[in-house]
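1. model the following, please.
(one chain, ligands or ions: 1)
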Amino acid sequence: MEIFIMDNAEEIGKAAGKLFVDAINKKPNIVLGLATGASPVPTYQYIYGEYQKGNVSLRDVVTYNLDEYVDLPKSDKNSYYSFMHTELFDHTDIREENVHFLDGNAADVEAECKRYDEALDRAQVDIQLLGIGRNGHIGFNEPSICFTKGAFKVKLTQSTISANSMYFNENPMPHYALTMGVGSIMKAKKIVLVATGSAKADAMAAMIHGEVTPVCPASILQFHHDVVVFMDKDAAKLL
Ligand code: GLP
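-> Numbers count the residues shown, from 1 in each chain. All right, here's what the predicted structure looks like:
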């Protein structure tokens, strides 16, 4: 793991964003795995800032998002589909047919997860961007007794519900989500994880120094050969 401790979220956004912009310029049809949450927002701002300056184009970029809430309309402002459009896609020239999500409203969840896993295997993610939950979750892979392989429907933990419910002021937060499995995340050629704030300090210490255990799903990243971590001093305070 390559670890960078930065001054603040903006610096993380610049460093992680530059890594993505350079990778896109090197391989314009790159396949990116993308994440939601507050942590990747500065990275997305840097990427679309560079697009607006004419320094990068996302025209041929292909994306797969990590997860999506179950039974939340795609058009809801809190769906991860809406989030990605608001925070990144709508500010760039990415093509709608190149962006992919798990369908949290699919009638047949099992078939939907199989479809996504097969698409991911065909596409082969070049770089996967990750945030991390306070409990060490990646995507929506919550602490568990075993690591997951492919996509599945997950019941969110109270920790995640408490952390994310502040965004749901009109409708109650869904308690289920569809997520890429840990096995699929690990297949990405490169992984970039961003974390800010002291609420993530326990998770970062467990991820980096703890034993590899599904109790901290992010700890599996110790077994990946190409992981870059950008975090601020607060998130790094227990290292
Ligand atoms: C959600 C997402 C995760 C994300 C996490 C942390 O649970 N499913 O992919 O890493 O939130 O979000 P934040 O960056 O807002 O703390």
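
2. C-alpha from now on. contacts and neighbour counts both.
-> OK.

3. name the next helix or strand downstream of the helix or strand that contains residue 18, please.
-> Here residue 18 sits within helix 9-26, counting by DSSP states H and E. Note on helix 9-26: by DSSP H and E, the next helix or strand toward the C-terminus is strand 31-34.

4. angle of the very next helix or strand once past that next one against helix 9-26?
-> The C-terminal neighbour of strand 31-34 among helices and strands, as given by DSSP H and E, is helix 41-52. Angle of helix 41-52 versus helix 9-26, following axes from the mean of the first three to the mean of the last three CA atoms, to 10 degrees, is 50 degrees.

5. returning to what we had before: any idea how far the helix holding residue 18 is from the chain center?
-> Distance, stretch centre to chain centre, for helix 9-26: 15 Å (CA atoms, centre = their mean, to the nearest Å).

6. stretch 210-228: which residues count as buried?
-> For stretch 210-228, the buried set under the neighbour-count rule, 16 or more other CA atoms under 10 Å, comprises 212-222, 224, 227-228.

7. swap in stretch 60-78?
-> Result for stretch 60-78 [16+ other CA under 10 Å]: buried residues 60-72, 74, 78.

8. just the buried positions in the helix or strand bottoming out on mean pLDDT in the chain, please.
-> None of the helices or strands of the chain scores lower by mean pLDDT, DSSP states H and E than helix 158-164, at a mean of 90. For helix 158-164, a neighbour-count test (16+ other CA under 10 Å) marks residue 160 as buried.

9. I'd like the next helix or strand past it.
-> The first helix or strand that comes after helix 158-164 along the chain, using DSSP H and E, is strand 176-179.

10. for the residue most central in space within the chain, what are its contacts?
-> Residue closest to the average C-alpha location in the chain (CA atoms, centre = their mean): residue 35, at 2.2 Å. By CA atoms under 8 Å, 6 or more residues apart in numbering, the residues touching residue 35 are 65-67, 129-131, 139.

11. among those residues, which ones lie close to the ligand?
-> Contacts with the ligand within the contacts of residue 35, counted by CA under 6 Å from any ligand atom: 130-131, 139.

12. are any of those residues buried, and which?
-> 130-131, 139.

13. in a helix, residue 199, correct?
-> Yes - secondary structure of residue 199 (DSSP: H, G, I helix; E, B strand; the rest coil): part of a helix.

14. find the nearest non-adjacent residue to it, please.
-> Counting by CA to CA, 6 or more residues apart in numbering, the nearest residue to residue 199 once its immediate chain neighbours are dropped is residue 134, at 6.1 Å.

15. run a quick neighbour tally on the one you found.
-> Other residues near residue 134 number 19, with proximity taken as other CA atoms under 10 Å.

16. how about it, secondary structure?
-> Per three-state DSSP, residue 134 ends up coil.

17. return the distance of it relative to residue 23.
-> For residue 134, the distance to residue 23 equals 29 Å [CA to CA, to the nearest Å].

18. how much space between the closest residue to residue 92 other than its chain neighbours and residue 93?
-> Distances taken as CA to CA, 6+ apart place residue 48 nearest to residue 92, at 6.0 Å, with adjacent residues excluded. According to CA to CA, residue 48 stands 9 Å off from residue 93.

19. repeat that for residue 75.
-> Taking CA to CA, one finds residue 75 at 20 Å from residue 93.

20. now residue 234: how far from residue 13?
-> Distance, residue 234 to residue 13, by CA to CA: 16 Å.

21. need the residues of the chain near the ligand, please.
-> Residues of the chain lying near the ligand (CA under 6 Å from any ligand atom): 35-39, 130-133, 138-140.

22. what sits against residue 233?
-> So, once contact is read as CA under 8 Å, 6+ apart, residue 233 ends up touching 5-8, 196-197.
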